[in-house]
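A.B. asks: here are the coordinates; sequence isn't available:
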């Protein structure tokens with residue numbers, strides 16, 4: 001679809017400008033947990049005074065109104081904030097979907113609120129499909145208080161701590177193992193440089209956490225996780241991993257309880273995550289740490 005055709009619609013997908021940032025942040029705040037990713041990028045742009053090229057807004061075209069109808073972030077992943085139950089939702093989503101196909105490059109994944117994500121995917125699948133993997137029902141969870149302590153299993157375990165570059169050699173294989181199990185390929189074989197750049201960034205930013213303990217008679221990583229996103233007063237946990245030989249013994253629950261306290265002190269009062277609905281063991285560990293279900297996410301992987 002050409003730009004001339006898009007211009008005849010009611011909505012326009014355009015790069016965000018500094019004058020859009022306050023309104024865009026207000027839109028993200030309507031659901032701070034679901035919209036944490038675009039909120040992070042809007043906040044970063046507001047502080048730096050520089051709008052990144054991956055940040056887009058949806059403008060209404062009516063004569064009496066030039067306000068925003070949506071916000072999109074398109075980097076490694078695409079995530080959107082668009083109208084839901086209003087009268088304009090159908091038209092806005094249809095025109096935005098057409099503009100996305102015409103103007104944006106296909107990302108590695110589309111992630112976000114399940115209803116919106118799956119609706120957009122249904123509109124653009126003919127152009128961007130097929131998906132490598134579709135996860136239509138992921139449990140979105142949040143905790144806004146310090147959890148009760150959870151006892152670690154009866155073996156030598158050190159307290160959870162912020163990871164540093166001194167931990168990196170042991171953190172990297174744990175992180176790669178988690179990624180391979182979750183995403184489906186080994187990041188050290190495909191895209192290693194970008195993967196390690198991202199992990200090092202999180203470590204240096206104080207957003208990676210690690211717990212050591214006895215692993216087959218040696219000191220090793222028993223639990224680790226990262227704060228992948230911080231925005232709108234929410235810190236989103238990603239990359240949760242427990243040593244495979246120690247799973248089912250309570251390390252996940254104990255690690256998460258300590259992690260939440262650290263993250264609330266270091267990054268944001270609300271701590272969120274999302275997890276596949278079939279991963280009942282992980283959901284149980286998160287609920288044991290005090291997380292509550294607040295919605296449903298979906299992920300489309302390419």
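C.D. replies: Yes, it's here. Given the structure is predicted, the values throughout are model-derived calculations rather than measurements. Residues are numbered from 1 along each chain as shown.

A.B. asks: Now for the spatially closest residue to residue 141 that is not a sequence neighbour: which residues touch it?
C.D. replies: Counting by Cβ to Cβ, 6 or more residues apart in numbering, the nearest residue to residue 141 once its immediate chain neighbours are dropped is residue 291, at 4.0 Å. Heads up, the C-betas are built off the backbone N, CA and C, glycines and all. Residues near residue 291 by Cβ atoms under 8 Å, 6 or more residues apart in numbering: 141-143, 256, 271, 273.

A.B. asks: cool, residue 202 as well?
C.D. replies: 208, 226-228.

A.B. asks: what about it, distance to residue 300?
C.D. replies: Taking Cβ to Cβ, to the nearest Å as the criterion, residue 202 is separated from residue 300 by 24 Å.

A.B. asks: that's a strand at residue 235, yeah?
C.D. replies: Yes: remark: residue 235 belongs to a strand, assigned using DSSP: H, G, I helix; E, B strand; the rest coil.

A.B. asks: Tell me the confidence at it?
C.D. replies: Predicted confidence (pLDDT) at residue 235: the value is 98.

A.B. asks: Could you pull up the contacting residues of it?
C.D. replies: 227, 229, 263-264, 267-268, 270-272.

A.B. asks: Next secondary structure element downstream of the lowest-mean-pLDDT helix or strand in the chain?
C.D. replies: Ranking every helix and strand in the chain by mean pLDDT, DSSP states H and E puts helix 3-6 at the bottom, with a mean of 43. Using DSSP states H and E, the next helix or strand after helix 3-6 towards the C-terminus is strand 11-15.

A.B. asks: Tell me where the model's unsure across this structure.
C.D. replies: 1-8, 63-66 (pLDDT under 70).

A.B. asks: Following the record's annotation, map out the domains of it.
C.D. replies: What the record gives for the chain is the domain set 3-129, 142-294, from automatic domain parsing.

A.B. asks: Any figure for the gap between the residue nearest to residue 141 and residue 276?
C.D. replies: Between residue 291 and residue 276 the distance is 15 Å, computed by Cβ to Cβ.

A.B. asks: Then residue 139?
C.D. replies: Counting by Cβ to Cβ - residue 139 and residue 276 are separated by 8 Å.

A.B. asks: ok, now residue 43?
C.D. replies: 28 Å.

A.B. asks: quick one: the strands in the stretch 1-150 of the chain?
C.D. replies: With DSSP state E, counting those that start in this stretch as the definition, the stretch 1-150 of the chain shows strands at residue ranges 11-15, 55-60, 68-74, 77-81, 109-113, 133-143.

A.B. asks: same for the second one, what does it pack against?
C.D. replies: Contact partners of strand 55-60 among helices and strands, from 3 or more Cβ pairs under 8 Å, 6 or more residues apart in numbering; DSSP states H and E: strand 11-15, helix 36-48, strand 68-74.

A.B. asks: want to try JSON lines for those, with distance to residue 162 and mean neighbour count as columns?
C.D. replies: As requested, these are exported to JSON lines (distance: least, Cβ to Cβ, whole Å; neighbours: other Cβ atoms under 10 Å):
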{"stretch": "strand 11-15", "distance to residue 162": "36", "mean neighbour count": "18"}
{"stretch": "helix 36-48", "distance to residue 162": "20", "mean neighbour count": "20"}
{"stretch": "strand 68-74", "distance to residue 162": "27", "mean neighbour count": "23"}
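
A.B. asks: As a markdown table, these with distance to residue 104 would be great.
C.D. replies: What follows is the helices and strands packed on strand 55-60, written out as a markdown table (distance: least, Cβ to Cβ, whole Å):
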| stretch | distance to residue 104 |
| --- | --- |
| strand 11-15 | 8 |
| helix 36-48 | 14 |
| strand 68-74 | 5 |
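
A.B. asks: Which one, of these, ends up nearest to residue 218?
C.D. replies: When the helices and strands packed on strand 55-60 are ranked by distance to residue 218, counting by Cβ to Cβ, first place goes to helix 36-48 at 37.1 Å.

A.B. asks: Just checking the distance from the closest one to the centre of its chain.
C.D. replies: Using Cα atoms, centre = their mean, to the nearest Å, the mean C-alpha position of helix 36-48 is found 14 Å from that of the whole chain.

A.B. asks: Please name the nearest non-neighbouring residue to residue 243.
C.D. replies: Taking Cβ to Cβ, 6+ apart as the measure, residue 243 lies nearest to residue 222, with 4.9 Å between them; neighbours along the chain are not counted.
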